[in-house]
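**Q** Next come a sequence and a model predicted from it.
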Amino acid sequence: MLWLLLATAFATVPEKYGTGSASMALGGTGVSWVDDGHAAYLNPAGLSRIRRPMVGVGMSWAHDSFEEFPSVWWDTNRDGSLDRRDSPLELSSNVEDAVGIHFHASRHIGGKFGLGIVGYIPTRRVLQLRTSEPDLPEYYMYNSRQQRYMLAAGVGGEILNGVHIGAGVDFVPRVIIDAAFNLSATVVADDGDDLNGVVTDVVVDVHEIELEIVAGFAPTLGLNLDLGAWSEPLEGATIGLAFHGASGLPVDSRLDAQIDVSVEDVGDLEPYALAAAAQAGIRLYDHYVPMTLALGLSYMPPRRFGAAVDITWTNWRPYAVSVAQLTDAIVTSPLIVIDDEISDGNAFTATFTSTVATRVGIQLPLPEITLGEHWRYARIDLRAGGGWVPTPLVSQGESSALIDSNRLFFTGGASLETWDPTGLLDGVIRLDIMAQFHLLERGLLVRSSDEPRSGYPVVRRDVPFGGNIFVIGGQWSFQY
């Protein structure tokens, strides 16, 4: 229970695929040009350019198709030993579809400041925390990480002509659990026979389970330089810089268990009782968020061809995989004495490095269409983009099978903007749609053993990896 409720989960859907259909269609860019509620996450300095209150809601769906894992060795018959009597363990490489709701809201404060909030909520569950078994192959960058919500808020302002700054927070909750329980068993031979008529009474007594959800925050800072404010020929040209702080403090939890066994009326054995108590400390990171520094360059003049480039540096070096790590353990019993140190069955080694990801996007506005008194006009923008995101995994030992690879992706989409024909909002309404196609570089993780070994392939000497991910979505926004 402890391992299921505590985990590291760095990559929500906005972190992996982007936030806002316009940004997601433009290759995930937005550090320099975003100017609505999504700026609270991408770059809070963009909130200073908001001139009317805006609200938006949408959905996205991500589906993966990864290389299938081979069957692997595992103690499937649970006899405490691993041999050829164990039937192979069949694993699925694909992860659950990520379906969720995106939303944003923003409003101006005077003429030079703005507030914004942006979030993502998975539709199947609000929060999924899950640890991994390092011996078994797993796409550790995906899985439960896509089943977790995101919420960020920020404020931005123009402090000098063309100089915009902003600050905000990314809310990152931490989950802590402690558990204490007893397992009691009574063995009685009611007819006095050693072999026949044995009655076993097993009682599980859970004393206490304490679950805490603690608020955590990752700070965000942003800077935008509007070059058009200084030179008219540069109208639409912007430079953006965004900093996202790291978060994910280590969680130390305690697991306290006691096992009592009593034996009565079994042959010539005297009645006796055996008790064993075990205490263990487990450390892991809850929702680790790496530090990022993003530079954005864009040229987005009104109703003309535009382009944007984002370059993001991510510090993956201190990354902690969602594997429960044993920090200490004590086992006491009147019949046995354990003097040696108790080792961690999940011990493994892995090296991660910082990465530099590149995202690009282009936008082509079509000629404006006049629609009359109520709709006023229709503006259609076509968008396309793509990017390259390298894997941070450099190397790993023989005790783990972490799966990840470099990712190349392509994006596309369109938007339709018009005026509210009902007169209720007296403002702009906009519909954005987008699609993404991600290619994970294919390869082989060498993993061979002459004898049965947990997590190693049964009929081959490697684990294939790679595949693709398809993402679609849309969003409706309006001013009021």
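**A** That came in fine, so what should we check first? Residues are numbered from 1 along each chain as shown.
**Q** Where does the prediction get shaky in the stretch 1-150 of the chain?
**A** 1-11, 126-130, 144-145 (pLDDT under 70).
**Q** where do the helices sit along it?
**A** 2-5, 13-17, 21-25, 39-42 (DSSP state H, counting those that start in this stretch).
**Q** Which stretch among these is buried most, on average?
**A** helix 39-42 (a mean of 33; mean count of other CB atoms under 10 Å). C-betas here are computed from N, CA, C, even on glycine.
**Q** hang on, the earlier thing: could you take the helices of the stretch 1-150 of the chain and lay them out as CSV, with extra columns for distance to Asp381?
**A** Formatted as CSV, the helices of the stretch 1-150 of the chain follow (distance: least, CB to CB, whole Å):
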stretch, distance to Asp381
helix 2-5, 44
helix 13-17, 20
helix 21-25, 8
helix 39-42, 18
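**Q** CA atoms only: put stretch 294-312 into CSV for me.
**A** C-alpha atoms of stretch 294-312 as CSV (Å, rounded to 0.1, in the frame of the first residue of the first chain):
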residue,chain,number,x,y,z
ALA,A,294,13.8,28.3,-21.5
LEU,A,295,14.8,30.9,-24.1
GLY,A,296,12.2,31.9,-26.6
LEU,A,297,12.4,34.0,-29.8
SER,A,298,9.4,34.9,-31.9
TYR,A,299,8.2,37.1,-34.7
MET,A,300,4.4,37.3,-34.6
PRO,A,301,3.2,40.5,-36.4
PRO,A,302,-0.5,41.0,-36.4
ARG,A,303,-2.2,39.1,-39.3
ARG,A,304,1.0,38.2,-41.0
PHE,A,305,3.3,35.1,-41.2
GLY,A,306,4.9,34.4,-37.8
ALA,A,307,7.5,32.0,-36.4
ALA,A,308,8.7,31.0,-32.9
VAL,A,309,11.6,29.0,-31.5
ASP,A,310,12.0,27.8,-27.9
ILE,A,311,15.2,26.2,-26.5
THR,A,312,14.8,24.6,-23.1
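**Q** residues in contact with that stretch?
**A** 26-33, 43, 235-244, 292-293, 313, 356-365, 368, 379 (CB atoms under 8 Å, 6 or more residues apart in numbering).
**Q** among the helices of the stretch 1-150 of the chain, which is nearest Ser132?
**A** Nearest to Ser132 among the helices of the stretch 1-150 of the chain is helix 2-5 (9.3 Å), distances taken as CB to CB.
**Q** Dihedrals phi and psi, the closest residue to Gly111 other than its chain neighbours?
**A** By the measure of CB to CB, 6 or more residues apart in numbering, the closest residue to Gly111 outside its immediate chain neighbours is Arg51, 7.9 Å from it. Backbone torsions of Arg51, given as degrees, to the nearest 10, read phi -120, psi -20.
**Q** just Thr312 next, same as before
**A** With angles defined as degrees, to the nearest 10, Thr312 sits at phi -120, psi 120.
**Q** What sits closest to it if chain neighbours are left out?
**A** Per CB to CB, 6+ apart, closest to Thr312 is Ala294, 4.3 Å.
**Q** Does the nearest residue to Thr327 once chain neighbours are set aside lie in a helix or a strand, and which?
**A** Distances taken as CB to CB, 6+ apart place Gly281 nearest to Thr327, at 4.1 Å, with adjacent residues excluded. Remark: Gly281 resides in strand 272-285, with elements defined by DSSP states H and E.
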